[in-house]
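Colleague: Just need the structure, nothing else, for what follows:
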Amino acid sequence: MHTGSKVTQQHVEALLGAVSPRYLLSEDPVEAVFLCTSRKLTHVATTKRRLIGFLDRETSRNRGIEFEIPGACIKQFSVEGKRLKLDRGLRGGLTSIGVVHPEDAEDLQRCIEAIRPEPSSYIPAVSSAPTDSLRPPLFVQLRDRVKAAIEENISANEPIMAVVRGTNGQAIVGTDRRAIVCKPGWMAGATLGCEVTTYNYLNITGIQIHKGMVTGTVAVETGQQMQRTSYWKQGDGDSYKAPNAIPVGGGWDEVKEQVALLRHAIDRARAPTISPVTPAPAAAATISVADELSKLVALRDAGVLTDDEFQSAKMRILSG
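Modeller: Residues are numbered from 1 along each chain as shown. Next comes the predicted model:
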């Protein structure tokens, strides 16, 4: 792994600890880590396929990942002087991400360039005309900033399989490979934006429904996040702010249906791939034995083998 200037082993271990709950490191390993500071950002890292931004673990509520951008969604970028800028195909063009160490500018530029596709295969973060099969009606009905935040974290050709809608515009959206928890608004700690947390299906242990008489919560559970959440609870169990849960105020028939679809998508992603075993063709084996016997007959007729030697060799062939 390449580490930039001022990046210590302690930094790397903390960042890898934040990455591991999202998806398997063996599937998409972190290859480089660089210092990149902004109001909330501390570091950026590149894997084989994406750019990851890490939050200030002291001041951020999430204390983990700020963004995960697939390389295919980076339209253009620049590392001019000390400032990293990205264009993800959203309005505003190139947007400043943070300040990098001057000695790391060239290395960071080379790492980002390596994860970007050829210009002809660039996939915008927000598709101008997504097909109905990829973006179902429940997704279209979400708030605009929630849809935009989710589109930033998935590719345009990544199908959405389930949409669990909660209170205050919060939602859990499941694609064919990941679950995204999106929490807009001041009650989630994101007054002007959205808090987004992404979970790879391979790291999810379950989707839990906690329901009271009317209200309740839906939570994504992993090996590291088993905190019981509540619609009314404050503090660590507050479902309005918990990164892995959303509060639900009603519409439970729809919620249960979408949770079932989400669980099905997770099961499909976690199902082992078994390669079919192709039996050896019996005809080929028969032809091989016949060829060997023909050769033996020819050798006997030519006088190379005696009758006893011929019989002995024939028995060995026939017995396998």
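Colleague: Roughly how far does L293 sit from R316?
Modeller: 11 Å (CB to CB, to the nearest Å). In this view, the C-beta of every residue, glycine as well, is placed from N, C-alpha and C.
Colleague: how many neighbours does E31 have?
Modeller: Other residues lying near E31 total 14 when counted by other CB atoms under 10 Å.
Colleague: Who are the packing partners of whatever helix or strand it lives in?
Modeller: Assigned by DSSP states H and E, E31 belongs to strand 30-37. Counting contacts by 3 or more CB pairs under 8 Å, 6 or more residues apart in numbering; DSSP states H and E, strand 30-37 packs against strand 2-3, helix 9-19, strand 41-47, strand 95-100, helix 105-115.
Colleague: Need the contact partners of the last one.
Modeller: Counting contacts by CB atoms under 8 Å, 6 or more residues apart in numbering, the residues outside helix 105-115 that touch it are 2, 4, 31-32, 34, 36, 44, 46-51, 71, 74, 77, 79, 81-82, 84, 100.
Colleague: Swap in 10 Å and give it another go.
Modeller: 2-5, 31-36, 44-51, 69-72, 74, 77-84, 86, 100-101, 104 (CB atoms under 10 Å, 6 or more residues apart in numbering).
Colleague: one step back: the strand holding E31 pairs with which strands?
Modeller: Applying DSSP bridges, strand 30-37 is found paired with strand 2-3 (parallel), strand 41-47 (antiparallel), strand 95-100 (antiparallel).
Colleague: Burial-wise, tell me which of those strands comes out on top.
Modeller: Most buried of those, by mean neighbour count (mean count of other CB atoms under 10 Å): strand 41-47, with a mean of 24.
Colleague: and whichever helix or strand comes after that strand, what's its mean pLDDT?
Modeller: Counting by DSSP H and E, the next helix or strand C-terminal to strand 41-47 is strand 50-55. The pLDDT scores in strand 50-55 average 80.
Colleague: so what strands line up beside strand 50-55?
Modeller: strand 41-47 (antiparallel), strand 65-70 (antiparallel).
Colleague: quick one: which of these is nearest T205?
Modeller: strand 65-70 (19.2 Å; CB to CB).
Colleague: Contacts made by the next helix-or-strand element following the closest one with the rest, please.
Modeller: The helix or strand immediately downstream of strand 65-70 is strand 76-80, counting by DSSP H and E. The contact list for strand 76-80 (CB under 10 Å, 6+ apart) reads 34, 36, 51, 69, 84-89, 93-97, 100, 102, 104-110, 112-113, 116, 119, 122.
Colleague: Which of those residues are buried, as a ChimeraX select command?
Modeller: Command for ChimeraX that selects the buried part of the contacts of strand 76-80, burial taken from 16 or more other CB atoms under 10 Å:
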select :34,36,51,69,84,86,87,88,89,94,97,100,104,105,107,108,109,112,116
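Colleague: Settle it for me: which of L293 and R316 has more neighbours?
Modeller: For L293 versus R316, neighbours defined as other CB under 10 Å are more numerous around L293 (15 against 11).
Colleague: Verify the stated contact: the more buried one with I317.
Modeller: Yes: the pair L293 / I317 is scored as a contact, 6.3 Å apart, by CB atoms under 10 Å.
Colleague: Tell me the backbone dihedrals of V146, please.
Modeller: Here is the backbone geometry of V146 (degrees, to the nearest 10): phi -70, psi -50.
Colleague: With V214 instead?
Modeller: phi -130, psi -50.
Colleague: For it, which non-adjacent residue is closest in space?
Modeller: Excluding its sequence neighbours, the residue lying closest to V214 (CB to CB, 6 or more residues apart in numbering) is G250, at 6.4 Å.
Colleague: Include distance to K241 and mean pLDDT when you put the helices and strands packed on strand 30-37 into CSV, please.
Modeller: Converted to CSV, those look like this (distance: least, CB to CB, whole Å; pLDDT from 0 to 100):
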stretch, distance to K241, mean pLDDT
strand 2-3, 33, 84
helix 9-19, 18, 73
strand 41-47, 20, 84
strand 95-100, 25, 83
helix 105-115, 32, 87
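Colleague: Just tell me which of those ends up closest to V163.
Modeller: That would be helix 9-19 among the helices and strands packed on strand 30-37, by CB to CB, at 25.9 Å.
Colleague: which residues of the chain score low on pLDDT?
Modeller: For the chain, the stretches flagged by pLDDT under 70 are 17-27, 56-64, 88-93, 117-133, 188-192, 224-237, 272-289, 304, 320.
Colleague: Would you mind finding the longest strand in it?
Modeller: If you go by DSSP state E, the chain has its longest strand at strand 190-200.
Colleague: Quick one: closest of the strands paired with strand 30-37 to L202.
Modeller: Comparing these by CB to CB, strand 41-47 comes nearest, at 15.0 Å.
Colleague: Compute the inter-axis angle for the closest one and helix 9-19.
Modeller: Put simply, strand 41-47 runs at 70 degrees to helix 9-19, going by axes from the mean of the first three to the mean of the last three CA atoms, to 10 degrees.
Colleague: The spatially most central residue of the chain bridge partners, please.
Modeller: Centroid-nearest residue in the chain, with CA atoms, centre = their mean: N200, separated by 4.5 Å. Taking DSSP bridges as the rule, N200 bridges to R178.
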